[in-house]
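# Generate coordinates for the sequence data below:
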Amino acid sequence: MCGIAGFYASKGIDKDLLHLVTGKLAHRGPDAAGYYVAPSAQVGLGHRRLSIIDTSTSANQPMHSADGRYVIVFNGEIYNFRQLKSRLPGFGWKTSGDTEVIVELFAHFGSQVFGWLNGIFALAIYDSREDQLWLARDALGVKPLFISRTEGRFSFASELKALALVGRPAAAAHAVPLFLHLGYIPEPYTIYEGVEKFPAGCFGLFAPRQQEWVLTRYWNAEDHYRSAAKGEKEEQVLERGKELLFAAVERQMISDVPLGTFLSGGIDSSLVTAVAAQVRGGGQKLKTFSIGFDEPRFDESEFAGKVATHLHTDHHLFRVSEQDVLELLPRFISVYDEPFADSSAFPTMLVSRLARQHVTVVLSGDGGDELFQGYGMYAWARRLSNPGVRLLRKPAYWLSRIMGERYRRAGNLFCYPNQAHIPSHIFSQEQNLFHEKELKSMLVNPDFDFNPLNNIVDTGLPQERQALWDVQHYLKDDLLVKVDRASMHFGLEVRVPLQDQEFVAFALGLPYRYKVNEGQTKYLLRQILYSFVPQEIFERPKRGFAIPLHKWLKGELKSQVDKYLSGDLVEAAGWVRPAYVRALLARYYKGESYLYNRIWVLLVLHWWYHTECNKEW
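Numbering: from 1, shown residues only. Here you go, the predicted structure:
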């Protein structure tokens, strides 16, 4: 993996600024740095390299096409690049890596190439003859890319911290309701005015002469949703799934540096590890990495150990304490750049740091829950679609207000403004965050619109639509962001076989019975896994990859609450009513512990404000 940056400037490129912006991405690519400035002096490209495939200097970037017309900066891995070479028979390749394949294919075939790439990537290609800049991002949005368009300047970078140096953008108040509702800021929004997340599955063309920006989608999850033939026999479907999974893992194990897997002990990471162990064979042991917690409700390390023992991996366990998390606090905001409230970012950072001591690449199991109905929230999508529940939802909500904590929390699921907003509402309340009614009461400016956020195809079962919403939002803008920033902070590349483009298309199109069968979720994944690892290891309730935040916010993290949710700081930020925050804190400390994630998301928001909006650039 790498970091990329660049910009068009009508008044000419400031080379010092280009170096400064690219240098902000050094953690993503500690092995090499490279720069390009066009003859016109109006376009500049920067690259930081983490060497994974073809570690020689000949594969450094920016890289020029053989004819000299095109220049590429590329972050990611293309898993089918060797097969793609066959489209240029007899070509005299100078490297053994994937970057050269992309730029030469583009030189011969143009933008259709982006649809051929099976991998995780964000890239920019400059056409020096036509003075055009092309950008593209992978189908599922595994790799990040941000853009900024202002008069006389077009900029892009792998992380917000780099773009923030270019234009000194102001905070975007319109992103605050989205963050408080979801715990992350969904594409295309960012916390900065005028800065956007480049959309996944798209390529774009910026033509400086015409000052035009044209965006084209080349892959859409909805095109594959519920598309599989329903007449196939179960054994055929299971065998097809197994073939695709093995192919994905084998492709993603290509590396010229040491490789291992994250192993939590759950279905998804255990499956990826089991397949990787099969692909590797009986040679050198596969390295696996997991973390454990002292609090049993959050600890799956025992089960990860059992899987590792059964698969004969070289297993590494790191036990996480409250102090370990506290030591990471000073860098948390700078790692994620914008408000990000997924507290499992802390253990992800810790396991990434552990893994980087032994390997440069790991495989992760992210994506199985969203593709195969692994979350409890999907049952709520089914319940809330029931006409009887719709009829009684308001009385049920008000009844829950006078009942115990568990019922008050569940009752919030009935408090949605309209049926069209159910996808984001279910997610929000499963995460214990603020629903729209609360946002109307707490925000200084309660003018927000969640209609675009909930624009989703209206076919299939309610629980299938909820899972598709997760693929398009939660998986892309939370889970994959969490892993990318945490791992790249330590110069570790994470690959996600369950997010392989072919496997995802297959999974999205499957009939529901291959996802939930006789009440058992992840049916197809389990059938494959149980052929390698004993089923009894997984016969236990699902646990999330999280820290005991509810406990720590009243302990060592309370000083953070007191500091960043003080009345003066909340008022200075100007987003949330200080009186609402005081009342919420009072309820929390008096025993309504289920409010902990609401406290956390407010804390992160104002922590970001204090850290970034007062920064001396």
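
# Spatially, what comes nearest to residue 552 if we skip its sequence neighbours?
Distance criterion Cβ to Cβ, 6 or more residues apart in numbering; nearest residue to residue 552, sequence neighbours excluded, is residue 322 at 5.9 Å. C-beta coordinates here come from the backbone N, C-alpha and C atoms, glycine included.

# ok, the one you found - how many residues close by?
With neighbours defined by other Cβ atoms under 10 Å, the count for residue 322 comes to 17.

# Got the phi and psi for it?
phi -60, psi -40 (degrees, to the nearest 10).

# show me what contacts it?
With contacts defined as Cβ atoms under 8 Å, 6 or more residues apart in numbering, residue 322 is in contact with 552, 555-556.

# Among the residues you listed, name the buried ones.
Taking 16 or more other Cβ atoms under 10 Å as the criterion, what is buried in those is residue 552.

# any chance of the contacts of residue 322 in CSV, plus distance to residue 123?
Rendered in CSV, the data for these read as follows (distance: Cβ to Cβ, whole Å):
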residue, distance to residue 123
552, 40
555, 45
556, 42
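
# Could you name the helices and strands sitting against the worst-scoring helix or strand of the chain on mean pLDDT?
Across the helices and strands of the chain, mean confidence by mean pLDDT, DSSP states H and E is lowest for helix 405-411: a mean of 80. For helix 405-411, the packing partners by 3 or more Cβ pairs under 8 Å, 6 or more residues apart in numbering; DSSP states H and E come out as helix 387-400.

# The helix it packs on packs against which elements?
Contacts of helix 387-400 with other secondary structure elements, assessed using 3+ Cβ pairs under 8 Å, 6+ apart, are made with helix 377-384, helix 405-411.

# Let me see the residues that make contact with the helix or strand following the least confident helix or strand of the chain.
The element immediately downstream of helix 405-411 (helix or strand, assigned by DSSP states H and E) is helix 422-430. Helix 422-430 is contacted from outside by 181-182, 375-377, 380-381, 384-385, 409, 412-413, 416-417, 434-436, 450, 453-454, 456, 462, 465-466, 469-470, 473-474, using Cβ under 8 Å, 6+ apart.

# could you flag which of those residues are buried?
Among those, the ones that count as buried by 16+ other Cβ under 10 Å are 181-182, 375, 377, 380-381, 384-385, 409, 412-413, 416, 434-436, 450, 453-454, 456, 462, 465-466, 469-470, 473-474.

# so how far is residue 505 from residue 240?
Relative to residue 505, residue 240 is positioned 12 Å away (Cβ to Cβ, to the nearest Å).

# These two: who's more crowded?
Ranked by neighbour count (other Cβ under 10 Å), residue 240 and residue 505 place residue 505 first, with 18 against 15.

# so what's that one closest to, chain neighbours aside?
In space, and not counting its chain neighbours, residue 505 is closest to residue 224: 4.2 Å by Cβ to Cβ, 6+ apart.

# Tell me the confidence at the one you found?
The pLDDT attached to residue 224 in the predicted structure is 91.

# all helices for the stretch 201-350 of the chain, in order.
Under the criterion DSSP state H, counting those that start in this stretch, the stretch 201-350 of the chain contains helices at 234-252, 267-280, 301-311, 322-336, 345-356.

# If you drop the residues flanking it in sequence, what lies closest to the most centrally placed residue in the chain?
The geometric centre of the chain, computed from its C-alpha atoms, lies nearest to residue 480 (Cα atoms, centre = their mean), at 1.8 Å. Take residue 480 and drop its neighbours on the chain: the residue closest to it by Cβ to Cβ, 6+ apart is residue 142, 5.4 Å away.
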